[in-house]
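**Q** structure, please.
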Amino acid sequence: ISDVMRNYVLLMIVAILLLAAILFAISQTPAGRRFIDTLKLRMPLFGSLIRKSIMARTCRTLSVLLNAGIPLIEAMETVSKVSGNSVIESALADATRRMRDGGTIADTLRETGHFPAMITQLVATGEESGTLPSMLAKAATYYEQQVDQAVATLSSLIEPIMIVVMGAIAGGVIFALYLPIFNIGQAMKGGLR
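**A** Take a look at the predicted model:
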């Protein structure tokens with residue numbers, strides 16, 4: 001590792017900067033941004049956390065806008081712009097277009113395939129009973145709690161992993177420092193015979 005760091009450090013820095021520049025350039029195009037946002041949602045451990053966070057933000061914002069008296073279509077357009085993920089943004093924009101054509105909110109959200117069944121069921125109940133803002137607030141509260149629990153779980157899992165990693169690094173450094181001393185001792189012991 002020491003030899004690689006000494007001999008190829010400039011090459012490694014250039015490679016990291018080049019990779020960062022390529023990722024930045026890709027993220028500036030609509031297709032690249034969509035690709036990166038899709039990857040975020042499909043990440044093994046963090047994808048569901050990101051999705052729940054987006055759902056909480058979307059439901060909370062839509063609930064606040066509807067409580068403020070903003071018309072549903074206008075509120076949906078606003079929510080699609082603040083979702084923070086191009087995949088969900090396009091799903092919300094598609095749902096808004098379908099709503100203009102006469103679809104219900106729950107059906108249009110369900111047809112996008114990006115919204116959990118719990119949200120679509122709460123929205124359907126809210127539409128039928130006329131309590132859509134409060135149902136969206138309940139969904140937002142639920143997902144906010146889910147995000148808080150997931151973050152607490154992840155942080156409790158990360159702590160032992162970090163301790164093991166730091167122990168391995170410290171052990172490696174100690175081993176690297178004492179191995180030459182032991183080798184010198186063995187060489188001197190063999191030379192005395």
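
**Q** so where is the protein shaky, pLDDT-wise?
**A** The chain contains residues with pLDDT under 70 at 190-193.

**Q** stretch 57-77: how far from the chain's middle?
**A** Remark: stretch 57-77 is offset 24 Å from the chain centroid, using CA atoms, centre = their mean, to the nearest Å.

**Q** tell me how far Leu157 lies from Ala150.
**A** Applying CB to CB, to the nearest Å, the value for Leu157 to Ala150 is 10 Å. Quick note: C-beta positions are derived from backbone N, CA and C, even for glycine.

**Q** which parts of the protein are helices?
**A** All helices of the chain, identified by DSSP state H, fall at 2-27, 30-42, 47-67, 72-82, 86-100, 105-112, 117-129, 132-192.

**Q** make a markdown table from these and add mean neighbour count to it.
**A** Output for the helices of the chain, formatted as a markdown table (neighbours: other CB atoms under 10 Å):
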| stretch | mean neighbour count |
| --- | --- |
| helix 2-27 | 10 |
| helix 30-42 | 14 |
| helix 47-67 | 20 |
| helix 72-82 | 17 |
| helix 86-100 | 19 |
| helix 105-112 | 20 |
| helix 117-129 | 17 |
| helix 132-192 | 12 |
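
**Q** need the contact partners of stretch 29-48.
**A** 23, 25-27, 50-51, 85-88, 90, 150, 154 (CB atoms under 8 Å, 6 or more residues apart in numbering).

**Q** which two of those have the greatest separation?
**A** Maximum pairwise distance in those, criterion CB to CB, is 31.9 Å, between Ala25 and Ala150.

**Q** tell me the centre residue of the protein?
**A** Ile50 (3.7 Å; CA atoms, centre = their mean).

**Q** turn the contacts of stretch 29-48 into CSV, columns for distance to Gly185.
**A** Output for these, formatted as CSV (distance: CB to CB, whole Å):
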residue, distance to Gly185
Leu23, 49
Ala25, 55
Ile26, 55
Ser27, 55
Ile50, 54
Arg51, 58
Asn85, 60
Ser86, 62
Val87, 61
Ile88, 63
Ser90, 67
Ala150, 52
Leu154, 46
